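Chemist: fold the following and give me the result.
(chains A and B)
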Amino acid sequence: MYKKTGILILALTAATVSLAGKLKVVTTTSDLASITEAVAGDLAKVNSICSGSQDPHHLQARPKYVMMARSADLWIRTGMELEIGWEMPVIDGSRNRKIRPGQPGHLDASVNIHKLEIPDASMLTRAMGDVHASGNPHYLTDPENAKHVADDIAARLAQLDPKNAETYKANAKAFSDKIDEKMAGWKQKMEPLNGKSIVTYHKSWIYFCERFGINIAIELEPKPGVPPSPTHLTQVIQTMEADDIQIILQEPWYSTKAAERVAEKTGARIIEAPIFSGSDPEAQDYISLIDLIVKRLTEQPE
Amino acid sequence: MKHLNSTAMVLAGTLLTFNASAQDDTTPVPTLNDSTAAQRAFNPSVSAIIDMFYYKENSDEGLSHMKEEMPGFAAHAHGDEDDHGHDHEHGYENGFNIRHIELAFAAEVDNYFKALAIAAIDEEGAEMEEAWAETTGLPYGFQAKAGKFFSNFGYINAQHAHEWDFTDQPLIYEQTLGSHGLNDVGVQVSWLAPTPVYLLFGAEVFRGENEKMWTQEEADELPENDNPRLGVGWVKLAPFHFDNSELQFGLFGASGNQQEIHEEGGGTNYFDGVHWFAGADAVYKYDSGKAYGQGDLEFQAEYFYRNKDLDQEGGDEEVSGAQDGYYIQGTYGIFPRWRTGLRWEQIGLTNEETEEDVTEEFGDSWRASAMVDFRPSEFSQVRFQVSNGDYDLGDEGVENVWEAFVQLTFSLGAHGAHKF
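Modeler: Model (predicted):
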């Protein structure tokens, strides 16, 4: 009985292995998937756990994700605790030892980026809201960070698939060159906003704003992860009136009610921009995502 | 049964060894570990759960006492009821109640195992809630676990009290497995089948020590059954790959040895035999994509049937019985951070006991509950719950009882990740 089951298991496993011609990469977010696709080209099959329209803070470890992780050769995460609520149950559930933290098949994309808002550990308490101990994890809104991430992904893919190492390196270089080329245009378009202040809903745009010289005066959330309260919105309105702030920037998954209330008082524009690729038809990959964010921020109201 | 148990133990041991050898060949790559990045590097992550509630019910004799008297579900009156080692009262008191503090330590043990230890501390003392290690490197979709843990059968059994969507557990669980559910010392082997849909099989072997089922008696007339005396099997299937929702079905069964001593008509009879249960569960979760849980929807339901078949030692009498029950519940995110939920449950639709060829049929009971909860953050929660039910007390008739809860839950320390 056991012998027969054993043979069956071996046969089934052999069947799954023989299907794998390409490297299988699973990323936690869709922007990481887009960068990986740019680096791997046709050499890997890339899937993202989080679709661009989902907030990666609040996913649940679902059987679907376990199935995606099960056959992955490489797991790439944003890191900095962004996926802390669901990553390990997915990896544990997948029983895929290749992608456990510490293995070559597990890549934390945040390792080589320049991190912002790293709280002083001695001051850190949960009373500060949903603050991440290792810093603000929304670093991919800065295209310069995407270049570092592309390099890290290329190096890791080369380690897993040495015979194509040169291709990965060349693709990462091409991706970085493309960013450099686009950056001049983005900076030019964003010039009118340079040195200005804006308001965002969540603390998710600091890397983008730092890159383009924009100051974030205040967030609609009183603390990260805490929805806007009337008292706090009054403070937002005062800040916006004092600094003559014209823009409220937020992700599509947040309700616009709070922003509308503020806009009514201040006459500011509410700009909804996706923060991940894949959710908007105009932003199917990483570079067009930045294109779209720049476009939304700079297009003039009708 | 005995043979099966020893085979399972040997199998689990072999898998543990295989797990260790399977991971030796990979070169580790330094990676930041989120859970400990800001902590001292190798300390386990530590967390504590504080869970308290105000409770009020309107029965004459006390609902927890009534639950012990419900025919078919009552603990067998003649034996030594407490083989749990100590007496503790799990019924809720009118007024303030505090559940034990769950002090949890979790870490990767090494390259081969991860482990969790939870001490449950209450005003009377401490007990071990969970203490287990699990493999992290078995090939072919296998995983093995050993220690004291919650059985993964069904859906709610593996959840801790603070993870439930309602303050109290479903009646069918409370009445068949007791307030701790099926939590015992043993081993578990599970296998994720290499199928295109999620298909997970699990087999568990436990000592068979439980508050309500699988009692063992001490008497010269009865055989001494060594543990493990309980086997559990389950399967979970999630057949769809929806974008924003997940539907999972499960089937489960468990079978263990039970002994009873009956005193009737001046004589004492000794019984030994099998008590088993089987059932099914279904869970559906929908993620609206909106912030702070608004619009999220969850449904879950479980059905449970148990059957007892005991033979007299040194005689030819038989004792048998069967009970069943189910619950169905749903929650919905009405506002950002606010959820509301409804639960409907019935037990004893099948409820009979046979002794000396006489079968007695007992009645059924039902309860309906409604709750609203508010989560200021992922780490705190306030819940209001009201329940109303009819409880069948046999000869004493049926009594209707209202219950109300106001519950406060606080979670300190490491940010836990929740399983599906």
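
Chemist: who does whatever residue of the stretch 201-350 of chain B ends up closest to chain A bridge with?
Modeler: Using CB to the nearest CB, the closest approach of the stretch 201-350 of chain B to chain A is made by B:Ala238 at 3.6 Å. C-betas here are computed from N, CA, C, even on glycine. Here B:Ala238 sits in beta bridges with B:Tyr198, going by DSSP bridges.

Chemist: local confidence estimate at it?
Modeler: Note on B:Ala238: pLDDT of 97.

Chemist: gap between it and B:Trp191?
Modeler: Distance, B:Ala238 to B:Trp191, using CB to CB, to the nearest Å: 15 Å.

Chemist: and A:Glu282, by the same measure?
Modeler: From A:Glu282 to B:Trp191 the distance is 44 Å (CB to CB).

Chemist: same question, A:Lys45
Modeler: 25 Å.

Chemist: and what of B:Glu263?
Modeler: B:Glu263 sits 46 Å away from B:Trp191, going by CB to CB.

Chemist: part of a helix, is A:Glu144?
Modeler: Yes: judged by DSSP: H, G, I helix; E, B strand; the rest coil, A:Glu144 forms part of a helix.

Chemist: contacts only, for it.
Modeler: A:Ile179, A:Met183, A:Arg211 (CB atoms under 8 Å, 6 or more residues apart in numbering or on different chains).

Chemist: out of the residues you listed, which is most surrounded?
Modeler: Ranked by neighbour count (other CB atoms under 10 Å in any protein chain shown), the contacts of A:Glu144 have A:Ile179 at the top, with 20 neighbours.

Chemist: return the residues in contact with that one.
Modeler: A:Pro143, A:Glu144, A:Ala146, A:Lys147, A:Ile287.

Chemist: one more time with 10 Å
Modeler: By CB atoms under 10 Å, 6 or more residues apart in numbering or on different chains, A:Ile179 lies in contact with A:Ala38, A:Pro143, A:Glu144, A:Asn145, A:Ala146, A:Lys147, A:Ala150, A:Trp186, A:Tyr286, A:Ile287, A:Ile290.

Chemist: looking at A:Lys45 and B:Trp191, which is more packed in?
Modeler: Higher neighbour count among A:Lys45 and B:Trp191: B:Trp191, with 20 against 17, using other CB under 10 Å.

Chemist: tell me the contacts of that one?
Modeler: A:5, A:9, A:95, B:138, B:140-144, B:199-203, B:235.

Chemist: need the pLDDT of whichever residue of the stretch 101-250 of chain A sits closest to chain B.
Modeler: Nearest to chain B, among the residues of the stretch 101-250 of chain A, is A:Ala133, at 3.7 Å (CB to the nearest CB). For A:Ala133, the model assigns a pLDDT of 87.

Chemist: distance of it relative to B:Tyr327?
Modeler: 39 Å.

Chemist: neighbour count for those two, which is higher?
Modeler: Each of A:Ala133 and B:Tyr327 has its neighbours counted (other CB under 10 Å); B:Tyr327 has more, 23 against 18.

Chemist: work out for me the element the more buried one sits within.
Modeler: Element membership of B:Tyr327 [criterion: DSSP states H and E] is strand B:318-335.
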